[in-house]
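K.L.:
Quick one, structure for this:
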Amino acid sequence: MSETLNIKHKSLFTQTLILIKYRLSFSVVLSSVASYLLAFEIFSLDTFILLIIGGFLIVGSSNGFNQIIERESDSLMSRTSNRPLSLGSMSIYQAIIICSILGLIGLFMLYTINFRTAFFGFISMIIYLAVYTPLKPITPLSVFFGAIPGAIPFMLGWVAATNKFSIETGILFMIQFFWQFPHFWAIGWVSYDDYEKAGFKMLPTGKRDNTTAFLIVFYTIWMILVSILPYFSFTGKFSIGLPSLVLILVAGIFMLIQALRLMKYKDNQNAIRLMYTSIFYLSFIQIIFVLDKLLL
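P.N.:
Here you go, the predicted model:
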């Protein structure tokens, strides 16, 4: 109760940060930063700053609109019941104005870089809000559609640096696309009871069962296979050396072991471990990719 009262009395600026889920928004933008560092030939500080701020505003705007759409569902779940719209500490009108302004500024900043960057930023917003969000209470396929805007940030930096959609951007997209499934299904496993209260269908079978656990393992294997593709010669300018290949494989096997443990025990403890392991994996391989380019 005291936490709820505390949130209600926070300033509009602080409420806005909560609305746009600023920590998540910033972490998503780090993927774009990594791919820009992988792609650039001549570093442009202007492009780099526009990418970070514009990307952050677009992701934040999308998160905010998502909360506007799901405000009633959020009030039913314990982990989201303290959000500004659920508490009534921010009006829907205020939220719409804030998210619209942030989204438009973000798109304009990405357009300043080049049209393709703004285009993919816009597409990610549309799919996230018009496809993924409405499908969450209808079908587990929502996770598939949600993986598309979730994967776009990792290719966005390359598009910003090169103004091209190429084999390199396709590989970056696929890495983060396949990563989404074990990551979000682990979250869905842990938060199953909460999601059930809101009527969200986030697990592939709708249950914490053998099939869901198997699919988590299956997509983890695909994620690892796609992550090591840059070692081979058909990924254009996006390539890695043998030391990076070994490190990525070790990290992938570590995550696969955790996925197998979840399949064996089917408990929340191992789902939580997989969730955090997946976060480590994505951050780790992005660092490896960048270091491989800059140092090796």
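
K.L.:
Got the domain ranges for this structure?
P.N.:
As recorded under automatic domain parsing, the domains making up the chain are 12-164, 166-296.

K.L.:
okay, those domains in a markdown table with mean neighbour count and mean pLDDT next?
P.N.:
(Glycine included, C-beta is placed from N, CA and C.) Output for these, formatted as a markdown table (neighbours: other C-beta atoms under 10 Å; pLDDT from 0 to 100):
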| stretch | mean neighbour count | mean pLDDT |
| --- | --- | --- |
| domain 12-164 | 19 | 97 |
| domain 166-296 | 18 | 97 |
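
K.L.:
which SS state does Asp46 fall under?
P.N.:
Assigned with DSSP: H, G, I helix; E, B strand; the rest coil, Asp46 falls in the helix class.

K.L.:
any idea how far it is from Gly106?
P.N.:
For Asp46, the distance to Gly106 equals 16 Å [C-beta to C-beta, to the nearest Å].

K.L.:
Next, the contact list for Phe56, please.
P.N.:
Counting by C-beta atoms under 8 Å, 6 or more residues apart in numbering, Phe56 touches 22, 25-26, 29, 106.

K.L.:
which residue ranges form the strands in the stretch 1-150 of the chain?
P.N.:
Assigned by DSSP state E, counting those that start in this stretch, the stretch 1-150 of the chain shows no strands.

K.L.:
State the distance from the closest residue to Asn66 other than its chain neighbours to Gly146.
P.N.:
Taking C-beta to C-beta, 6 or more residues apart in numbering as the measure, Asn66 lies nearest to Thr133, with 5.5 Å between them; neighbours along the chain are not counted. Using C-beta to C-beta, Thr133 is found at 8 Å from Gly146.

K.L.:
cool, Arg79 as well?
P.N.:
For Arg79, the distance to Gly146 equals 17 Å [C-beta to C-beta].

K.L.:
again, but for Phe214
P.N.:
Taking C-beta to C-beta, one finds Phe214 at 21 Å from Gly146.

K.L.:
ok, the contacts of Phe56 vs Ile279, which is closest?
P.N.:
Distance to Ile279 across these (C-beta to C-beta) is lowest for Phe26, with 13.6 Å.

K.L.:
mind listing what the closest one touches?
P.N.:
Each residue near Phe26 by C-beta under 8 Å, 6+ apart is listed here: Phe56.

K.L.:
what's the answer for Gly206, then?
P.N.:
By C-beta under 8 Å, 6+ apart, the neighbours of Gly206 are Pro140.

K.L.:
Checking it next. Helix, strand or coil?
P.N.:
coil.

K.L.:
Dihedrals phi and psi, it?
P.N.:
Note on Gly206: backbone dihedrals following degrees, to the nearest 10 are phi 80, psi 0.

K.L.:
Isn't Ile127 up against Phe145?
P.N.:
Yes: counting by C-beta atoms under 8 Å, Phe145 is a contact partner of Ile127 at 6.2 Å.

K.L.:
elements contacting whichever helix in the chain runs longest?
P.N.:
Secondary structure of the chain per DSSP state H: the longest helix is helix 268-295. Counting contacts by 3 or more C-beta pairs under 8 Å, 6 or more residues apart in numbering; DSSP states H and E, helix 268-295 packs against helix 22-39, helix 167-190, helix 242-265.

K.L.:
contacting residues around the last one?
P.N.:
Contacts made with helix 242-265 from outside it, assessed by C-beta under 8 Å, 6+ apart, are listed as 182, 186, 189, 210, 213-214, 216-217, 220-221, 223-224, 227-228, 231, 240, 270-271, 273-274, 277-278, 280-281, 284-285, 288-289, 291-292, 296.

K.L.:
Put the alpha carbons of that helix into CSV.
P.N.:
Output in CSV follows, covering the C-alpha atoms of helix 242-265 (Å, rounded to 0.1, in the frame of the first residue of the first chain):
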residue,chain,number,x,y,z
LEU,A,242,37.6,-18.6,-34.3
PRO,A,243,38.1,-17.2,-30.7
SER,A,244,34.7,-15.5,-30.9
LEU,A,245,33.1,-18.6,-32.3
VAL,A,246,34.3,-20.6,-29.3
LEU,A,247,33.1,-18.0,-26.8
ILE,A,248,29.7,-17.8,-28.4
LEU,A,249,29.4,-21.6,-28.5
VAL,A,250,30.3,-21.9,-24.8
ALA,A,251,27.8,-19.2,-23.9
GLY,A,252,25.2,-21.0,-26.0
ILE,A,253,25.8,-24.4,-24.5
PHE,A,254,25.5,-22.8,-21.0
MET,A,255,22.1,-21.4,-22.0
LEU,A,256,21.1,-24.7,-23.6
ILE,A,257,22.0,-26.6,-20.4
GLN,A,258,19.7,-24.3,-18.4
ALA,A,259,16.9,-24.9,-21.0
LEU,A,260,17.4,-28.6,-20.6
ARG,A,261,17.2,-28.3,-16.8
LEU,A,262,13.9,-26.5,-17.2
MET,A,263,12.6,-29.3,-19.5
LYS,A,264,13.7,-31.8,-16.9
TYR,A,265,12.4,-30.2,-13.7
